[in-house]
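S.K.: sequence unknown, structure follows:
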């Protein structure tokens, strides 16, 4: 499955980029994004950790896990989407519904949603090199819709740079709006990055999560995620290109004991 996923993924992103480039709306009102970028550090967005920076881009991730021999699960989209900066201190993320395929089974649609970031504090590299952001997200399945499946996610993100190194972290709590068997879940993601060259950012992440469940019990998991992010490259007058790849390796097993490959493509504008 993986050998077909990557070329299809890249072709689809090329079509999206070509169509978006022709839209005059994408090129309007850059001042808010320009002011935000001048005020904050110029780190790269990690693979799994939600960055505290305000970003303006389209992002599409693909993840693939082999749960057991002969069973591969691929997530097209992985909860990413369009990121906009409507004001110099806010970001709106509209997440596309993921499409999940498994060997020998029909595909299914996952959740769609939105996040709003508010910049609490930020300073560029020569004036402190830090950022802090408050975040609120909502998500809702698009298949087998039911209002009780609405999830509300308050989050906090922060980061600090030390020369060529930076640390970025997000703390998230998932709160179900209803249901009798679903409890709050939590996640703590931490990324350690090194700015090796102008366009190359190797990283290692710690991705911890917990899923309390009245029926399944408590399941805590810790993944170690080595990876690399490269870019951005300017590919047109309006768009850039950033790519990344990594693998999540379970160290403390929870519900998922398989390695999870991550491929990320971003089109900053």
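M.R.: Nice, thanks for sending it over. Since the model is a prediction, treat every value here as computed from it, not as a measurement.
S.K.: can you point me to the longest strand in this protein?
M.R.: Ranked by residue count, the top strand of the chain under DSSP state E comes out as strand 219-234.
S.K.: so for it, mean pLDDT?
M.R.: In this model, strand 219-234 has a mean pLDDT of 93.
S.K.: what does stretch 251-259 give?
M.R.: Mean predicted confidence for stretch 251-259 is 70.
S.K.: now do the end-to-end distance for it.
M.R.: From its first residue to its last, stretch 251-259 covers 10 Å (CA to CA, to the nearest Å).
S.K.: output the below-cut-off pLDDT ranges for this structure.
M.R.: By pLDDT under 70, the weakly predicted segments of the chain are 1-30, 143-148, 178-183, 212-218, 253-257.
S.K.: let's go with 50 and repeat that
M.R.: Low-confidence segments of the chain, defined by pLDDT under 50: 1-28, 180-181, 214.
S.K.: all helices for it, in order.
M.R.: Here the chain has its helices, by DSSP state H, at 2-21, 31-39.
S.K.: strand partners (parallel or antiparallel) of the longest strand of the chain?
M.R.: Here strand 219-234 is paired, per DSSP bridges, with strand 200-211 (antiparallel), strand 240-252 (antiparallel).
S.K.: pull out the buried positions in that strand.
M.R.: Along strand 219-234, these residues count as buried under the neighbour rule (16 or more other CB atoms under 10 Å): 221-223, 225, 227-232. Where you see a C-beta, it was placed from the backbone N, CA and C, and this is true even at glycine.
S.K.: same list (those residues) but as CSV, adding distance to residue 263.
M.R.: Below are the buried residues of strand 219-234 laid out as CSV (distance: CB to CB, whole Å):
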residue, distance to residue 263
221, 21
222, 22
223, 16
225, 13
227, 10
228, 11
229, 11
230, 12
231, 14
232, 17
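S.K.: most tightly surrounded among the strands paired with strand 219-234?
M.R.: Comparing the strands paired with strand 219-234 on average neighbours per residue, with mean count of other CB atoms under 10 Å, the densest one is strand 200-211 at a mean of 19.
S.K.: that one: how far from the chain's middle?
M.R.: A distance of 11 Å separates the C-alpha centroid of strand 200-211 from that of its chain, computed with CA atoms, centre = their mean, to the nearest Å.
S.K.: check stretch 237-255 too.
M.R.: 8 Å.
S.K.: now do stretch 118-137
M.R.: 18 Å.
S.K.: what about it, how long is it end to end?
M.R.: For stretch 118-137, the end-to-end distance is 12 Å (CA to CA).
S.K.: for residue 51, give me phi and psi.
M.R.: Here is the backbone geometry of residue 51 (degrees, to the nearest 10): phi -70, psi 150.
S.K.: ok, now which ones touch the closest residue to it other than its chain neighbours?
M.R.: Nearest non-adjacent residue to residue 51, counting by CB to CB, 6 or more residues apart in numbering: residue 45, 4.4 Å away. When contacts are counted by CB atoms under 8 Å, 6 or more residues apart in numbering, residue 45 touches 51, 53, 55, 59, 229, 242, 266.
S.K.: want to try CSV for these, with distance to residue 117 as columns?
M.R.: Putting the contacts of residue 45 into CSV (distance: CB to CB, whole Å) gives the following:
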residue, distance to residue 117
51, 9
53, 9
55, 9
59, 14
229, 19
242, 19
266, 16
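S.K.: and the residues you listed, which of them are buried?
M.R.: Buried among the contacts of residue 45 by 16+ other CB under 10 Å: 51, 53, 55, 59, 229, 242, 266.
S.K.: list just the nearest of these to residue 205.
M.R.: Nearest to residue 205 out of these is residue 229 (CB to CB; 10.9 Å).
S.K.: near the nearest residue to residue 102 once chain neighbours are set aside, how many other residues are there?
M.R.: With sequence-adjacent residues excluded and distances taken as CB to CB, 6+ apart, residue 102 is closest to residue 73, at 4.8 Å. Neighbour count for residue 73, taken as other CB atoms under 10 Å: 18.
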